[in-house]
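Undergrad: Curious how this folds, go ahead:
(one chain, ligands or ions: 1)
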Amino acid sequence: ELGPYSHFMQKEIHEQPRALADTIEPVMIDGFSPALFGPDAAGLLADVRSVQILACGTSYYAGLTARYWVEAIAGLPCSVEIASEYRYRDAVADPKQLIVTISQSGETLDTMEALKYAKSLGQDKTLSICNVPESAIPRASRMVFYTRAGAEIGVASTKAFTTQLIALFALTGTLAKLNGRLDTEKEAAMLQDLRLLPGSVQAALNLEPQVTAWANLFAPKQHALFLGRGLHYPIALEGALKLKEISYIHAEAYPAGELKHGPLALVDEAMPVVVIAPNDALLEKVKSNIQEVRARGGEMFVFADADSHFSESEGVHVIRTPRHVGLLSPVVHAIPVQILAYHAALAKGTDVDKPRNLAKSVTVE
Ligand code: F6R
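TA: Have a look, this model is predicted:
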């Protein structure tokens with residue numbers, strides 16, 4: 001079943017070009033259309049005025065990424081909340097708010113309870129993004145988008161995450177269109193970006209030997225810091241989560257602009273700092289943030305595309321990621337952080353597919 005791979009996680013990382021292409025397929029056929037989200041979606045999505053995303057763990061980070069898209073492209077206010085928090089606070093109901101739950105398994109209890117709570121407040125526009133057909137959360141939702149990642153067996157989520165991002169990008173395009181913010185030209189450009197994505201992801205997978213060399217340097221470390229900004233901040237969060245859950249190295253992620261408000265105090269020669277820094281609107285800001293790290297002796301590991309113009313120097317390692325792919329860049333940059341965590345865990349000899357204390361599907365509170 002594993003084929004040439006040593007673990008399910010490695011296999012699932014490498015399946016991503018296929019999983020993404022499969023998930024993109026219906027979008028290529030229908031374009032951005034409510035039909036992607038089921039028979040009731042045309043009516044339910046027509047008058048959406050804001051979006052509330054609810055999820056846990058890696059699925060929550062997919063939601064955090066989508067917030068940038070929904071606000072920038074669809075022009076709708078979007079908030080993202082950890083399901084186990086939302087379910088216990090007094091949320092203000094809004095019948096024109098779209099509730100989006102994201103869950104690979106479709107069985108996560110906290111996400112299910114958050115959905116039930118939203119429904120009890122009278123929220124009727126409920127959409128589930130899920131990888132397991134007929135699981136509990138999509139069954140309790142009025143609309144559904146099934147990601148086509150295929151069964152995910154490794155406890156650490158990989159292909160489910162990147163396919164969730166596709167679902168959220170398709171949702172963004174659909175809401176933008178319904179909101180009168182997407183002309184034919186812009187839609188065609190977004191669809192073209194989607195079409196090219198599996199190829200860029202394959203190019204990112206081809207970086208495995210270089211990323212592995214870095215991972216071997218990480219294995220003996222106690223701590224690591226991940227930095228990103230804007231669209232790439234959630235990828236820094238995801239990189240830190242992957243590293244801690246399978247290699248047990250303590251990792252934290254910060255938006256790079258937040259460094260001097262506290263975490264810079266942690267930086268010294270023993271602290272490797274991973275930076276997700278492709279060429280985007282905030283690149284120059286990231287560059288000045290990381291000079292602060294370098295000045296404190298922190299060793300930097302930078303993922304940057306050719307347009308970022310980063311060069312290697314004393315204490316600064318650079319891996320060139322595939323050229324900037326616009327708004328979908330977070331999908332491409334998720335790949336190297338997954339590979340980094342996988343190989344760091346391998347070097348440490350931990351149980352990659354079944355990390356201690358964790359379950360694949362969390363059906364208890
Ligand atoms: C991390 C991971 C978990 C899950 C979380 C939600 O690698 O796998 O953080 O993302 O438990 O699970 P689902 O998406 O099944 O609701």
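
Undergrad: which residues in the stretch 201-350 of the chain form helices?
TA: All helices of the stretch 201-350 of the chain, identified by DSSP state H, counting those that start in this stretch, fall at 208-218, 233-247, 283-295, 329-348.

Undergrad: where does the stretch 201-350 of the chain have low pLDDT?
TA: For the stretch 201-350 of the chain, the stretches with pLDDT under 70 are 324.

Undergrad: Would you mind giving the helices of the stretch 201-350 of the chain as JSON lines with distance to the ligand and mean neighbour count added?
TA: Any C-beta I mention is one placed from the backbone N, CA and C, and that applies to glycine too. Shown next, in JSON lines, are the helices of the stretch 201-350 of the chain (distance: least, CB to the nearest ligand atom, whole Å; neighbours: other CB atoms under 10 Å):
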{"stretch": "helix 208-218", "distance to the ligand": "17", "mean neighbour count": "17"}
{"stretch": "helix 233-247", "distance to the ligand": "6", "mean neighbour count": "26"}
{"stretch": "helix 283-295", "distance to the ligand": "25", "mean neighbour count": "16"}
{"stretch": "helix 329-348", "distance to the ligand": "9", "mean neighbour count": "26"}
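
Undergrad: Specify the angle between the helix or strand where Ala167 lies and helix 233-247 in degrees.
TA: Ala167 is part of helix 159-178, with elements assigned from DSSP states H and E. Relative orientation of helix 159-178 with respect to helix 233-247: 160 degrees, computed using axes from the mean of the first three to the mean of the last three CA atoms, to 10 degrees.

Undergrad: what about helix 159-178, average pLDDT?
TA: The average of the pLDDT scores along helix 159-178 is 98.

Undergrad: same question, stretch 102-118
TA: Average pLDDT, stretch 102-118: 98.

Undergrad: Now do that stretch: distance to the chain's middle.
TA: Here stretch 102-118 is found 18 Å from its chain centre; the criterion is CA atoms, centre = their mean, to the nearest Å.

Undergrad: Now the terminal residues of that stretch, how far apart.
TA: 14 Å (CA to CA, to the nearest Å).

Undergrad: How about that stretch, which residues are buried there?
TA: Neighbour counts using 16 or more other CB atoms under 10 Å place 102-115, 117-118 of stretch 102-118 among the buried residues.

Undergrad: Please apply the same query to stretch 57-74.
TA: Applying a neighbour-count criterion of 16+ other CB under 10 Å, one finds 57-70, 73-74 buried in stretch 57-74.

Undergrad: Go through those residues and flag which are in helices.
TA: For the buried residues of stretch 57-74, the ones inside helices are 57-69, with DSSP state H as the criterion.

Undergrad: restrict those to those near the ligand?
TA: The overlap between these and the neighbourhood of the ligand (criterion: CB under 6 Å from any ligand atom) consists of Gly57, Thr58, Ser59.

Undergrad: quick one: the helices in the stretch 1-150 of the chain?
TA: Here the stretch 1-150 of the chain has its helices, by DSSP H, counting those that start in this stretch, at 8-14, 16-30, 41-45, 57-69, 83-86, 109-120, 136-139.

Undergrad: Touching, Thr147 and Leu168? I think so.
TA: No - with contact defined as CB atoms under 8 Å, Thr147 does not count as touching Leu168 (10.0 Å).

Undergrad: re earlier: of all the buried residues of stretch 57-74, which comes closest to the ligand?
TA: Within the set of the buried residues of stretch 57-74, Gly57 lies nearest the ligand; the separation is 1.9 Å, counting by CB to the nearest ligand atom.

Undergrad: I'd assumed Ser157 was in contact with that closest one.
TA: Yes - using CB under 8 Å, Gly57 makes contact with Ser157 at a distance of 7.1 Å.

Undergrad: Report the closest residue of the stretch 151-300 of the chain relative to the ligand.
TA: Closest contact between the stretch 151-300 of the chain and the ligand, by CB to the nearest ligand atom, is at Ser157 (3.5 Å).

Undergrad: out of everything not next to it in sequence, what's closest to that residue?
TA: Nearest residue to Ser157, sequence neighbours excluded (CB to CB, 6 or more residues apart in numbering): Thr58, at 4.2 Å.

Undergrad: For the one you found, list the residues it contacts.
TA: Contact criterion CB atoms under 8 Å, 6 or more residues apart in numbering gives Gln104, Ala156, Ser157, Ala160, Phe161, Glu238, Leu241 as the residues in contact with Thr58.
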